[in-house]
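S.K.: quick one, fold the following:
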Amino acid sequence: MSLPKIILKQGKAKPFYSRHPWVFAGAISKTEQSPPDGAEVEVYSAEGNFVARGLYNSQSKIQVRLYTWNPDQPLDKEFFKSKFQNAIQLRNDLGLNNNEVGCRLVFSEADGLSGLCVDKYGKWVVMQFTSLAMANRREMFADILQELINPVGIYLRTEKGIGKLEGISLQDEICRGTPPEGTIPIQEHGLQFMVNLTEGQKTGYYLDQRDNRLEAAKLAQGRKVLDVFCYGGGFSLHALKHGAIETVGIDQSASALHLAADNAKRNNLGPSRWILGSAFETLAELVKTGEKFGLIVLDPPKFARSRSAIEEAIKGYRKLNTLGLKLLEPGGFLVTCCCSGLITMDMMEQILAQVGADEKRDIQVLQRRGPSPDHPVAATCLESHYLKCLITRVM
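M.R.: Numbering: from 1, shown residues only. Okay, the predicted model is just below:
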């Protein structure tokens, strides 16, 4: 039986021949055979040429996610298992797939599995879905994970905002094995951090900043450090390990600050202060007091979730970095991050240049960094290059 066909508009096939995996509604001319949401479909050019196979969702702006450009390759368990094997092999090669560290085993488009991320914490894994079609195949993916790595437990999580847009109605829950009792310890560059799979942010921890935390810490010796949007204290603890004289962490989540304080205690690190409150309001208060810092880390949540939000997001990043510069002593280091895929590295540098000019401060960009290597970037889908980290010196 033939698969339902998606016919593209005239002139819209080129990005998909080039293996970009997202077919937006605006590129589609017509849909044949009325496929149900989550169904496997074939995509054809306006001229009737086969382009790729993918999974369909009429509720999503990304109406088809593409997975294979081979017309004879079904999107079956064997196909997806090979994708998982390739992804896991990369993490093995990186030395990250063990029961001591946290690791992203599968990173959506970058591993050819658009709409699915899999994070491993010790002996447990978390599957997070941003695609209805992939969420509908969760039992198959759980089977594959059991066959390949046999975790003690598999936990399901859905990013609520994207889940609503995709039509995903899953509960966050254990789907295989047993849940952990409380938090799970993981090792990161010689420190131990506790991860809460059920209540923590993202899938429990910000694995993408692993190497940036270490790189920033190398600048902390003898300096007072401000860690904004600190969550579990990752940047703070690495700074203390590398000789910071004090760290101050800010977060609006009480549970995050409790976790940060517990992580500091477990690693016998200090002194540290943890401030509960809005980052913008707290930074403004610190400016009023005249307090200064030698190293400041700004690691905010995503400000731009859609193209219509880019302008407001830029204003937010400009305001945040302006407050950072006001608190940074001359010759200090500013580490500024952005996890909005719609905000490019060039845009971040332009924001810094404008803020530096407004504050009459000279800024030297020392490093342009991205996420840790278990979060690769798909060369055909630059949207997967979402995390930007600029390490700078400010005079």
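S.K.: what ranges do the strands span in the stretch 201-350 of the chain?
M.R.: 224-228, 246-251, 272-276, 293-298, 328-338 (DSSP state E, counting those that start in this stretch).
S.K.: now tabulate the ones you listed in TSV and tack on mean pLDDT and mean neighbour count.
M.R.: Every C-beta, even on glycine, is put in place using the N, C-alpha and C of the backbone. Converted to TSV, the strands of the stretch 201-350 of the chain look like this (pLDDT from 0 to 100; neighbours: other Cβ atoms under 10 Å):
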stretch	mean pLDDT	mean neighbour count
strand 224-228	98	28
strand 246-251	98	24
strand 272-276	97	18
strand 293-298	99	26
strand 328-338	98	21
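S.K.: name the residues that touch the lowest-mean-pLDDT helix or strand in the chain?
M.R.: The weakest-scoring helix or strand in the chain, judged by mean pLDDT, DSSP states H and E, is helix 160-166 (a mean of 78). By Cβ atoms under 8 Å, 6 or more residues apart in numbering, the list of residues contacting helix 160-166 from outside reads 57, 59-61, 129-132, 135, 168-170, 305.
S.K.: buried residues in it?
M.R.: Using 16 or more other Cβ atoms under 10 Å as the test for burial, helix 160-166 gives 162-163, 165-166.
S.K.: now compare the residues you listed and name the two farthest from each other.
M.R.: Maximum pairwise distance in the buried residues of helix 160-166, criterion Cβ to Cβ, is 7.3 Å, between Gly163 and Leu165.
S.K.: nearest to Thr31, out of the strands of the stretch 201-350 of the chain?
M.R.: Nearest to Thr31, of the strands of the stretch 201-350 of the chain and by Cβ to Cβ, is strand 328-338 at 36.0 Å.
S.K.: report all helices and strands that the closest one contacts.
M.R.: Judged by 3 or more Cβ pairs under 8 Å, 6 or more residues apart in numbering; DSSP states H and E, the packing partners of strand 328-338 are helix 210-217, strand 293-298, helix 310-327, helix 345-358, strand 388-394.
S.K.: so which of the ones you listed comes closest to Ser236?
M.R.: Using Cβ to Cβ, the nearest of the helices and strands packed on strand 328-338 to Ser236 is strand 293-298, at 8.3 Å.
S.K.: partners of that closest one in the sheet?
M.R.: The strands beside strand 293-298 in its sheet (DSSP bridges) come out as strand 224-228 (parallel), strand 328-338 (parallel).
S.K.: where does this protein have low pLDDT?
M.R.: Residue ranges of the chain with pLDDT under 70: 1.
S.K.: and for Ile7, the neighbour number?
M.R.: 18 (other Cβ atoms under 10 Å).
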